[in-house]
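Visitor: give the three-dimensional model of this entry:
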Amino acid sequence: MFEIEWLTQIFPNYKVEAKHKKNTVDVVSTDSRVLESNSLFIPLIGDRFDGHNHVDEAVKRGAKAIIWNKDKPTGDIPTDISLFFVEDTLKALQLLAAEYRKLVNPQVIGITGSNGKTTTKDLLEATLNQTYITTATKGNFNNHIGLPLTILNMEKNTEVLILEMGMNHFGEIELLSEIAKPEIAIITNIGESHIEHLGSREGIKQAKLEIVKPMTKDSVLIIDGDEPLLAEINFPGKVITCGFSEANQQVISHIKLTPSSTTFNVNEAYYEIPLLGNHHAKNATFVIEVAKLLKVSDEKVRAGLTKINLTHMRFELITGKNNTTLINDAYNASPTSMKASIEVVEELDGYQKKILVLGDVLELGLDYKKYYLDISKKVNAMQTIDEVYTYGETSELITDYLKLNSAIIAEHFSKKELLVGKLEKQMLKNSLIFFKASRGIKLEDIIEQLKEGNK
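Guide: Below you'll find the model as predicted:
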């Protein structure tokens, strides 16, 4: 990645033997358990942990350099270990990532939004991989620690860096964007995620737009053009709007769902993705626009869109007991994404029975009843949903509404084992059971017990 001597230019307070300045760093990590030889270890400090307590393990596993909080005693660290003294190791991690981003100088694409960030990132990685050496966010490494580590894990020959940017509070996207300096940014949508902390959808909009603060007149912003809140944006560069409305620059139309894919047109061009739903057609359109900007051929765009390696628990089709179809969409949820997924389930053909398992949606703030009412009305408007089971605490509101206003069978559960017992009785051939909830509800614990082969 770089030589020790390069680090001395970034962190001027150091203890490095002259003979080690030309030594190289191959890996940067904040976890002493996953280090390799020639590693740089950055011990972070939290409320309940201090990475400095694991330095001995880091050295044993191959750390050759350590960024050290200057207020911590160094003890008996071997003299052949290069030390860099800083005020705050977390800020040092972020500074190092920003400098390494400059050193490698890839094309940087930042992705934020209330829903669809990860799917858009996965589609974009699969598409750009056809032409460029590409690095992208893995898992949930999209915050103030994960994003710097993603940058520091890219190979030095990386040509395109795709960074997902998540947040809970104001100021967090701005920090990530200042580190990453994206030249192209995507705002997938403005939903209700984290509205408890941000106050309103207008607040969510302002938080998402923090991504553009370090961007310039040469930058490009790609947005959900169907979102009225994004109609007026103060942005110095080029804005590209994508959506279903004819007012957009890139208009999505002729959408059709097959059992395993969605086909659609963007303006006059035809595309197909191995994902289900109108919302995924929009996510793919953001990707198509980025690919055009980077001069990826249409042939490679179409090939890339079919090769997506989806992040676990994103509309994941699983075979359950008795050949039942399970759909695990339980990675996370907001009212917007839950309603969109319910629409997709409604359109799926070939099932004699469809069951929704809906868990709590977290961080909805004081207006949570309104959002559950919206979800309940969406369920009630469906024609092919037979039963709905809710799990958790607040999601019982969906069951209460359906019992009063719908012919759909609805039942609430507060214990997972009782819900598993109920679902096991429903697992018949040609049945579909769909799962969605916020990450903290862990519906995958239920799904695991219902998989084919589990007793």
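Visitor: which residues in the stretch 351-455 of the chain form helices?
Guide: Per DSSP state H, counting those that start in this stretch, the stretch 351-455 of the chain carries helices over the ranges 368-380, 396-405, 416-424, 444-450.
Visitor: between those, which gets nearest to Asn13?
Guide: Proximity to Asn13 (CB to CB) singles out helix 444-450 among the helices of the stretch 351-455 of the chain, at 45.8 Å. C-beta: built from backbone N, CA, C; applies to glycine.
Visitor: helices or strands up against the closest one?
Guide: Contact analysis of helix 444-450 by 3 or more CB pairs under 8 Å, 6 or more residues apart in numbering; DSSP states H and E lists strand 325-328, helix 416-424, strand 431-436 as its packing neighbours.
Visitor: one more time with 7 Å
Guide: strand 325-328, helix 416-424 (3 or more CB pairs under 7 Å, 6 or more residues apart in numbering; DSSP states H and E).
Visitor: so which of those comes closest to Lys369?
Guide: helix 416-424 (22.7 Å).
Visitor: how about exporting that closest one as CSV, limited to the C-alpha atoms?
Guide: In CSV, the C-alpha atoms belonging to helix 416-424 read as follows (Å, rounded to 0.1, in the frame of the first residue of the first chain):
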residue,chain,number,x,y,z
LYS,A,416,-40.2,-16.1,18.2
GLU,A,417,-40.7,-19.7,19.2
LEU,A,418,-44.5,-19.3,19.0
LEU,A,419,-44.2,-17.6,15.5
VAL,A,420,-42.0,-20.5,14.3
GLY,A,421,-44.5,-23.0,15.5
LYS,A,422,-47.3,-21.2,13.7
LEU,A,423,-45.3,-20.9,10.4
GLU,A,424,-44.3,-24.6,10.5
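Visitor: now it: average pLDDT?
Guide: For helix 416-424, the mean per-residue pLDDT is 96.
Visitor: tell me the angle of it relative to strand 431-436?
Guide: Calculated by axes from the mean of the first three to the mean of the last three CA atoms, to 10 degrees, helix 416-424 forms an angle of 150 degrees with strand 431-436.
Visitor: for helix 416-424, which positions count as buried?
Guide: Using 16 or more other CB atoms under 10 Å as the test for burial, helix 416-424 gives Lys416, Leu419, Val420, Leu423.
Visitor: swap in stretch 153-166?
Guide: So, applying 16+ other CB under 10 Å, buried residues of stretch 153-166: Asn153, Met154, Thr158, Glu159, Val160, Leu161, Ile162, Leu163, Glu164, Met165, Gly166.
Visitor: which one of the buried residues of helix 416-424 is nearest to Asn23?
Guide: Of those, the one sitting nearest to Asn23 (CB to CB) turns out to be Lys416, at 51.5 Å.
Visitor: what sits closest to that closest one if chain neighbours are left out?
Guide: Ile446 (5.6 Å; CB to CB, 6 or more residues apart in numbering).
Visitor: that neighbour contacts Val420, doesn't it?
Guide: Yes. Counting by CB atoms under 7 Å, Ile446 sits close enough to Val420 to count as a contact (5.6 Å).
Visitor: and Ala126, that's in a strand?
Guide: No. Ala126: not assigned to a strand; according to DSSP: H, G, I helix; E, B strand; the rest coil it is helix.
Visitor: please list all residues in contact with it.
Guide: Neighbouring residues of Ala126 by CB atoms under 7 Å, 6 or more residues apart in numbering: Gly304, Leu305, Lys307, Ile308, Asn309.
Visitor: apply 10 Å and report the result again.
Guide: Residues in contact with Ala126 (CB atoms under 10 Å, 6 or more residues apart in numbering) are Thr134, Ala136, Ile273, Val287, Ala303, Gly304, Leu305, Thr306, Lys307, Ile308, Asn309, Leu310.
Visitor: do the same with Leu293
Guide: Applying CB under 10 Å, 6+ apart, the residues near Leu293 are Gln107, Ile109, Glu183, Ile184, Val220, Ile222, Lys238, Ile240.
Visitor: likewise for Lys15?
Guide: Lys15 makes contact with Ile66, Trp68, Thr74, Ile77, Thr79, Ile81, Ser82, Leu83, Phe84, Phe85, according to CB under 10 Å, 6+ apart.
Visitor: any chance of the residues you listed in a markdown table, plus distance to Gln250 and pLDDT?
Guide: Shown next, in a markdown table, are the contacts of Lys15 (distance: CB to CB, whole Å; pLDDT from 0 to 100):
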| residue | distance to Gln250 | pLDDT |
| --- | --- | --- |
| Ile66 | 48 | 96 |
| Trp68 | 50 | 96 |
| Thr74 | 56 | 89 |
| Ile77 | 56 | 90 |
| Thr79 | 60 | 88 |
| Ile81 | 53 | 94 |
| Ser82 | 50 | 95 |
| Leu83 | 52 | 96 |
| Phe84 | 47 | 97 |
| Phe85 | 51 | 97 |
